[in-house]
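Engineer: Prediction below, plus the sequence it came from.
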Amino acid sequence: MTASGLVRAGQFNQASRQGAYILIALALPRLGVSRELIGEWETLLFLGFLLGFGWTSGLLQGFLVQMGVLTEPHAGRFSRTAVQVMAGISALILGSVALLRDPFFALLQIETVPVGWYLFFLLLLSRWPSYCFEQALLLRGQARALIVYAVINAAGLLLSLLLPLYLGASMLQAMQVLGAFAGAKVVAVLLWTLLPRRASTTVEPNPTSEQFQEWMKLSRPLVAYASVAALVTAADPWVVNYWYDGDPEVFALFRYGVRELPLLAALISGMTVVAIPLITRDRAAGLLELRKQSRKVFHYLFLLALAMMLTADSWWTRVFTPTFADSLPIFRTFLLVVGCRVVFAMSVLTALTQTRQIYLWGVLELAVNIVLSLLLAPRYGLVGIVWGTVLASYFHEACLVLYLRYRTGIRWREFADLRWYFAYVTALFAAYYWMQ
């Protein structure tokens, strides 16, 4: 399987998962679910991000680097045991939060306990270890297996939640069906870790303690950085809950406005999963491949962002119903962060293991974001909170580009086509001001 084929398989997997959640967001108001219950569902999605993004992202990026230096048959057994480790950490985190539910929710300014929160935790228990499982399939060239898994996973998520609602069930009953699907997924993924690879002709040796120590050593600064990044993303929802007294309806308006572009996460994740091990093995070739792939991503994401920015008036309420008409200005403002998502300095730093102190840049972004959001919220409301994120995000990416140059001597233009990048960013901001 070529690098481009693996990238496409990874992108399809990410797109399937993201697409399922987008379709759920579109379907809930059409199925008669109240804005308050939708706000509770969005609160659960926010909790899932806050609890899982930091440590899963850090461990997964370290996993990519570690898999880049391991050879078969060591890589096979290591990847399976890594999934088990992720499952154990997931159970520990979710169990701890469940026991401390009330003070944890109070800390996040969550006034209403979401319906079926414990069933959603089961979904998280199935989701987080599967991230490592998905990357293991991709890195071992099992693209077809990944695609089949992606289809089953997305279809199961959609049908288990939406079909009961369509048939007249309550939100709690639908969450119970979703929990049953999540439980089956947990069992299936863990069974995979116990079975040898059928195509293998050699016995897979048990991973050594040195391999796991190296994985954790690589991952520690990445976990710290990603955890701070999660807090940066969580800052806006926290400010919203703080400013509007934990109102779930306002929270729903905000969350519907700050949705990422369709396929954005899929395109970026699918590309970096392949690029990071390439850069680790061969710096020059990996940077060249990243530049080539990122140019393709520029064309898709920026053109899509421009089209959505300019045409949103004609389709927003048709897609999200009049219930979320007030989310449109938030959505337009949040589109501006697309330029921050495609810089990729962090991916290069990760591949070259230059990550020991990068969490400090995340702490700085968090401080800038909170200060700007609190300053802008009194005058501009929810849009002002989003502007705080936009400005802090561009500041953070500029810092990472400069830090990468300082630590490695690598210029931004070595892994990105800056002519296209700056042309698109300028056009995006011009379109935003044109539509005001």
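Structural biologist: Cool, got the structure.

Engineer: burial of residue 418, as a residue count?
Structural biologist: 10 (other CB atoms under 10 Å). Placement of C-beta: from N, CA and C, glycine included.

Engineer: Now do it against residue 343, distance only.
Structural biologist: 10 Å (CB to CB, to the nearest Å).

Engineer: list residues touching both of the two?
Structural biologist: Shared contacts of residue 418 and residue 343 (CB atoms under 8 Å, 6 or more residues apart in numbering): residue 412.

Engineer: In PDB, list the C-alpha atoms belonging to stretch 76-87.
Structural biologist: C-alpha atoms of stretch 76-87 as PDB (Å, rounded to 0.1, in the frame of the first residue of the first chain):
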ATOM      1  CA  GLY A  76       2.600  -6.200  15.900                       C
ATOM      2  CA  ARG A  77       2.600  -7.300  19.500                       C
ATOM      3  CA  PHE A  78       3.500  -3.800  20.700                       C
ATOM      4  CA  SER A  79       0.500  -2.300  19.000                       C
ATOM      5  CA  ARG A  80      -1.900  -4.900  20.500                       C
ATOM      6  CA  THR A  81      -0.500  -4.400  24.000                       C
ATOM      7  CA  ALA A  82      -0.700  -0.600  23.500                       C
ATOM      8  CA  VAL A  83      -4.500  -0.900  22.900                       C
ATOM      9  CA  GLN A  84      -4.800  -2.800  26.200                       C
ATOM     10  CA  VAL A  85      -2.800  -0.100  28.000                       C
ATOM     11  CA  MET A  86      -5.100   2.600  26.500                       C
ATOM     12  CA  ALA A  87      -8.200   0.600  27.700                       C
END
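
Engineer: list the buried ones in that stretch?
Structural biologist: By neighbour count on 16 or more other CB atoms under 10 Å, the buried set for stretch 76-87 is 76-83, 85-87.

Engineer: Which of the residues you listed fall within helices?
Structural biologist: Among those, the members falling in helices (DSSP state H) are 76-83, 85-87.

Engineer: In CSV, list these along with pLDDT and distance to residue 129.
Structural biologist: CSV is the format used below for those (pLDDT from 0 to 100; distance: CB to CB, whole Å):
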residue, pLDDT, distance to residue 129
76, 71, 17
77, 78, 16
78, 81, 15
79, 82, 12
80, 85, 11
81, 86, 12
82, 88, 9
83, 90, 5
85, 91, 9
86, 92, 4
87, 93, 4
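
Engineer: Please identify which of those is nearest to residue 244.
Structural biologist: Distance to residue 244, by CB to CB, is smallest for residue 86 among these, at 35.3 Å.

Engineer: in terms of contact, does the closest one touch residue 129 like I think?
Structural biologist: Yes - under the criterion of CB atoms under 8 Å, residue 86 makes contact with residue 129 at 4.2 Å.

Engineer: Make TSV out of the ones in helices among the buried residues of stretch 76-87 and add distance to residue 371.
Structural biologist: Shown next, in TSV, are these (distance: CB to CB, whole Å):
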residue	distance to residue 371
76	48
77	48
78	43
79	42
80	45
81	43
82	38
83	40
85	38
86	35
87	38
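
Engineer: could I get stretch 16-27 in PDB with only the CA atoms?
Structural biologist: This file holds the C-alpha atoms of stretch 16-27, laid out as PDB (Å, rounded to 0.1, in the frame of the first residue of the first chain):
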ATOM      1  CA  SER A  16     -16.700   8.500   8.800                       C
ATOM      2  CA  ARG A  17     -16.500   9.100  12.600                       C
ATOM      3  CA  GLN A  18     -16.800  12.900  12.200                       C
ATOM      4  CA  GLY A  19     -19.600  12.600   9.700                       C
ATOM      5  CA  ALA A  20     -21.600  10.400  12.100                       C
ATOM      6  CA  TYR A  21     -21.500  13.100  14.700                       C
ATOM      7  CA  ILE A  22     -22.400  15.800  12.200                       C
ATOM      8  CA  LEU A  23     -25.400  13.700  11.100                       C
ATOM      9  CA  ILE A  24     -26.500  13.300  14.700                       C
ATOM     10  CA  ALA A  25     -26.300  17.000  15.200                       C
ATOM     11  CA  LEU A  26     -28.400  17.600  12.100                       C
ATOM     12  CA  ALA A  27     -31.000  14.900  13.000                       C
END
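
Engineer: Buried residues of it, list them for me.
Structural biologist: 16-20, 22, 24-25.

Engineer: how about residue 236, what does it touch?
Structural biologist: So residue 236 contacts 254, 258, 369, 373, 385-386, 388-389 (CB under 8 Å, 6+ apart).

Engineer: So how do I select the buried members of those in PyMOL?
Structural biologist: If you want just the buried ones from the contacts of residue 236 in PyMOL, going by 16+ other CB under 10 Å, the selection is:
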select buried, resi 254+258+369+373+385+386+388+389
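
Engineer: Of the contacts of residue 236, which belong to helices?
Structural biologist: Per DSSP H, those map to helices at 254, 369, 373, 385-386, 388-389.

Engineer: Just give me the closest of these to residue 153.
Structural biologist: Nearest to residue 153 among the ones in helices among the contacts of residue 236, with distances taken as CB to CB, is residue 254, at 27.5 Å.

Engineer: Identify the residues contacting the closest one.
Structural biologist: Applying CB under 8 Å, 6+ apart, the residues contacting residue 254 are 236-237, 240, 327, 330, 382, 385.

Engineer: That one and residue 384, how far apart?
Structural biologist: To residue 384, residue 254 is 12 Å away according to CB to CB.

Engineer: Same question for residue 146.
Structural biologist: 41 Å.
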